[in-house]
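Enquirer: the following block contains a protein sequence and its predicted model.
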Amino acid sequence: MTLRILSVEREYGSGGAVIAAELARRLGWKLWDQALTEEVAKLARVSPAAAERHDERRDPLLYRLAKVYARGSYESSMPVEDEHVFDAERMVALLGQVIQRVGAEGECVIVGRGAAYILRERSDAFHVFVYAPRDVKIRRVMTLGKSEAEAAELVETVDKERAAFIQQYFGADWPARYLYNLWINSAMGNEAVVETVLEAMKIHERATER
């Protein structure tokens, strides 16, 4: 089976987004990272900044509680799934549409956003999870201008929110091992990761042709 889709899920600070960009360049495929958020913004007719606020994040707790109450309230006559209301649920619904379309078009590298789960039935997709030791992730985040304390906090909190996001909107664990063809430690260096992923994709293609 010829692979046409590569999804790259990543721990925060592992360098997964940079690795995905290099893989897209080497493969000559389109990179869908920030472009996914921008595409959702166009479909929802909201600003990119509004879409960014819901990117791999749940709505605030009070909003979610109010929404649950509205759904169960006898007095509520307004449809909750109003297409003009843009929140995390609307973001996920549109993301699913965009990722399915992008996958169907093929020759794409998709970064995070539940792509491995959304495209789990596609035999032409290869799913990678990039992780790294905590100290490596903190050092990477510090290169973005964060203090060590700020970097440590981000490493701890961003992935917790991603896990909660996937659990709430996809009903799956994050990361769910069974979804991925390859797990790889980025502590070995970005170039080594890129080469390993490309070779693993070739091996996968050969194995599925038998």
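Expert: Perfect, thanks for sending it.
Enquirer: all the helices of the protein, residue numbers only.
Expert: Listed in chain order, the helices of the chain (DSSP state H) span 16-27, 34-44, 48-53, 61-72, 88-105, 115-118, 134-142, 148-170, 190-209.
Enquirer: only C-alpha atoms, please: export stretch 149-163 in CSV.
Expert: The C-alpha trace of stretch 149-163 is given here as CSV (Å, rounded to 0.1, in the frame of the first residue of the first chain):
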residue,chain,number,x,y,z
ALA,A,149,10.3,27.7,35.3
GLU,A,150,8.0,28.9,32.5
ALA,A,151,9.2,26.1,30.3
ALA,A,152,8.7,23.5,33.0
GLU,A,153,5.2,24.7,33.6
LEU,A,154,4.3,24.6,29.9
VAL,A,155,5.7,21.1,29.5
GLU,A,156,3.5,20.0,32.4
THR,A,157,0.3,21.8,31.5
VAL,A,158,0.1,21.8,27.6
ASP,A,159,0.1,18.0,27.3
LYS,A,160,-2.4,17.6,30.1
GLU,A,161,-4.8,19.9,28.2
ARG,A,162,-4.2,18.0,25.0
ALA,A,163,-5.0,14.7,26.8
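Enquirer: so for it, what gets flagged as buried?
Expert: 151, 152, 154, 155, 158, 159, 162 (16 or more other Cβ atoms under 10 Å). Every residue, glycine included, has its C-beta placed from N, CA and C.
Enquirer: any chance of CSV for the helices of the chain, columns distance to residue 126 and mean pLDDT?
Expert: As requested, these are exported to CSV (distance: least, Cβ to Cβ, whole Å; pLDDT from 0 to 100):
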stretch, distance to residue 126, mean pLDDT
helix 16-27, 10, 97
helix 34-44, 18, 89
helix 48-53, 27, 80
helix 61-72, 34, 41
helix 88-105, 12, 90
helix 115-118, 10, 94
helix 134-142, 24, 97
helix 148-170, 19, 90
helix 190-209, 5, 96
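Enquirer: buried deepest among those helices, which one?
Expert: helix 115-118 (a mean of 24; mean count of other Cβ atoms under 10 Å).
Enquirer: about what we covered before: which one of the buried residues of stretch 149-163 sits closest to residue 46?
Expert: residue 162 (21.7 Å; Cβ to Cβ).
Enquirer: just put the helices of the chain in CSV and tack on distance to residue 177.
Expert: Compiled in CSV, the helices of the chain are given as follows (distance: least, Cβ to Cβ, whole Å):
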stretch, distance to residue 177
helix 16-27, 16
helix 34-44, 24
helix 48-53, 29
helix 61-72, 28
helix 88-105, 21
helix 115-118, 11
helix 134-142, 20
helix 148-170, 13
helix 190-209, 16
